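[1] Structure for the following, please:
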Amino acid sequence: MVDMSNVDFWFDPLCPFAWITSRTMLEVEKVRDVEVTWHVMSLAYLNQDKDDISDSYREFLKDAWGPVRVCVAVEQEYGQEKLAALYTALGTRKHTEGAEKLGRPLIEDALEEIGVPRELAAAMDDSSYDDAIRKSHHLGMDQVGTDVGTPTIAVDGHAFFGPVLSRIARGEEAGRIWDAAVTLSSVPYFFELKRTRDRDLDFS
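    Take a look at the predicted model:
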């Protein structure tokens, strides 16, 4: 009997690549003996001192603290299950349905959908959550280095950035992608496979 693997997944709800990989991981849970635990990281925190990011990306990050703060607030109050549900609710609105940004009305609706008080949206402007965000961020990112982002995954003592996909993998295809990622991550001298993305992201 194969023991279930505990998979730690770090996400920022704004990141489209993390969204696609996270939905793929939900598929992996159906076809492999894995269970995902969700953690927040912050693209705003990751990039705050970088001078080499574009003006458009810097603009994208202006409102990035708010949604992550709400995620932490929900996790602290209601635990892992509601954090996962909130990520799904936010990501569906932002990525699948194409919302321009994760503003307060959208976040309030997502909170209501998952059955927690809409008032938790006030955490968007509450910097007291930032220490917890930084702690969670470093728990994941310190395992993979500073030149990557999200998705970041840790499993069986190994951590890696990716896999970066242009669409959500389903069923056994998701399982095969997972098997390959875990195999490569277990090799201590393996670091990177990469090719230029030549197609648009597909969130369907």
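[2] Which element, helix or strand, includes residue 98?
    Following DSSP states H and E, one finds residue 98 outside all helices and strands.
[3] Next, count neighbours for it.
    8 (other C-beta atoms under 10 Å). All C-beta spots, glycine's among them, are computed from the backbone N, C-alpha and C.
[4] same deal with residue 186?
    13.
[5] pLDDT below threshold where in the chain?
    Residue ranges of the chain with pLDDT under 70: 1-2.
[6] Let me see the ranges of the strands in it.
    Taking DSSP state E as the criterion, the chain contains strands spanning 5-11, 34-40, 152-155, 158-161.
[7] list the contacts for residue 111?
    By C-beta atoms under 8 Å, 6 or more residues apart in numbering, the contact list for residue 111 reads 70, 74, 86, 89, 117-118, 120-121.
[8] Over to residue 155?
    Residue 155 touches 5-8, 34, 182, 185, counting by C-beta under 8 Å, 6+ apart.
[9] still on that earlier bit, okay, the strands of the chain, which one's buried deepest?
    strand 152-155 (a mean of 23; mean count of other C-beta atoms under 10 Å).
[10] What would that one look like as CSV? C-alpha coordinates only.
    What follows is strand 152-155, C-alpha atoms only, in CSV (Å, rounded to 0.1, in the frame of the first residue of the first chain):
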residue,chain,number,x,y,z
THR,A,152,5.5,26.7,-5.4
ILE,A,153,5.0,23.1,-4.2
ALA,A,154,6.7,21.0,-1.5
VAL,A,155,6.3,17.2,-1.3
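[11] any chance of the strands of the chain in JSON lines, plus distance to residue 191?
    Formatted as JSON lines, the strands of the chain follow (distance: least, C-beta to C-beta, whole Å):
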{"stretch": "strand 5-11", "distance to residue 191": "19"}
{"stretch": "strand 34-40", "distance to residue 191": "23"}
{"stretch": "strand 152-155", "distance to residue 191": "14"}
{"stretch": "strand 158-161", "distance to residue 191": "9"}
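[12] between the ones you listed, which gets nearest to residue 94?
    strand 5-11 (11.9 Å; C-beta to C-beta).
[13] Compute the number of surrounding residues for the nearest residue to residue 190 once chain neighbours are set aside.
    Nearest non-adjacent residue to residue 190, counting by C-beta to C-beta, 6 or more residues apart in numbering: residue 184, 5.2 Å away. By other C-beta under 10 Å, 16 other residues sit near residue 184.
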